[in-house]
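Participant: sharing a model prediction with you, sequence too.
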Amino acid sequence: FAGNPNLKPEESRQGDIGLTWQANPNHRVRATAYRSLVDNLIAMDAASAQSINVSKAQLRGVELELGGHIGNTSYQLAASRAQVTSASTAAKIRRPRSQLTGSIDQKLSDTLHAGIELSSRNSTPDSGGDVDGFALWNAYASWQATRHLTLGVRVENLSDKRYETLRGYNTADRSGYVTARYTF
């Protein structure tokens, strides 16, 4: 990867429109459509392995979100679909067309929470070919030990899936974390 001293800052004009429907106090649905016109979009040039400016590009898409809670269980599901229009294929590199995320959080008591998360996307254009799509599952739990201290555990990539977000960059195998957060 090489730097580019001639890189210009991106300039964009953007707009979005959205609708939110509160089905009842516990559930909501949101839909948003957006469009961005970008001058000097910063993108990766596969041939020179350096960042370049793409003179003009348009990014547009839709996002749908469903969220709420049922009793002590809260949930969120979000899906997005995006498209990049440009004369340059560099503008399309590393921009997934479809993504899906979701989470379920269970309040087990006043001080204990546990949950699971999903993160997925379709195959993504990258220099040298597409990066395969993937779906990852993460799990977590947290315990409010005192008013100021919260202890937690987290396991990421539960299924130990081999995946890449960028071609040639390693990603973590199944990973576990223990956390302690103290607030004043």
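Facilitator: Cool, the structure landed.

Participant: for the closest residue to A78 other than its chain neighbours, list each beta-bridge partner.
Facilitator: Sequence neighbours aside, E65 is the residue nearest to A78 in space, at 4.5 Å (criterion: C-beta to C-beta, 6 or more residues apart in numbering). Quick note: C-beta positions are derived from backbone N, CA and C, even for glycine. The partner list for E65 in beta bridges (DSSP bridges) reads R30, A78.

Participant: contact partners for E65?
Facilitator: Contacts for E65 (C-beta atoms under 8 Å, 6 or more residues apart in numbering) come out as 29-31, 76-79.

Participant: let's see it at 10 Å
Facilitator: 18, 20, 28-32, 76-80, 101 (C-beta atoms under 10 Å, 6 or more residues apart in numbering).

Participant: with pLDDT added, can I get these in JSON lines?
Facilitator: Below are the contacts of E65 laid out as JSON lines (pLDDT from 0 to 100):
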{"residue": "G18", "pLDDT": "98"}
{"residue": "T20", "pLDDT": "97"}
{"residue": "R28", "pLDDT": "97"}
{"residue": "V29", "pLDDT": "97"}
{"residue": "R30", "pLDDT": "98"}
{"residue": "A31", "pLDDT": "98"}
{"residue": "T32", "pLDDT": "98"}
{"residue": "Q76", "pLDDT": "98"}
{"residue": "L77", "pLDDT": "98"}
{"residue": "A78", "pLDDT": "98"}
{"residue": "A79", "pLDDT": "98"}
{"residue": "S80", "pLDDT": "97"}
{"residue": "T101", "pLDDT": "98"}
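
Participant: please spell out the ChimeraX selection for the buried subset of those.
Facilitator: Restricted to buried positions by 16 or more other C-beta atoms under 10 Å, the ChimeraX selection for the contacts of E65 reads:
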select :76,80,101
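
Participant: closest one of the contacts of E65 to S51?
Facilitator: The closest of those to S51 turns out to be S80 (C-beta to C-beta; 24.4 Å).

Participant: can you report how many residues neighbour the closest residue in space to the closest one that isn't next to it in sequence?
Facilitator: Once flanking residues are discounted, S80 sits nearest to E63: 4.5 Å by C-beta to C-beta, 6+ apart. A total of 17 residues lie near E63 under the criterion other C-beta atoms under 10 Å.

Participant: so how far is I104 from E63?
Facilitator: E63 sits 20 Å away from I104, going by C-beta to C-beta, to the nearest Å.

Participant: how about P96?
Facilitator: Distance from P96 to I104, by C-beta to C-beta: 23 Å.

Participant: more neighbours: which of these two?
Facilitator: Higher neighbour count among P96 and I104: P96, with 17 against 14, using other C-beta under 10 Å.
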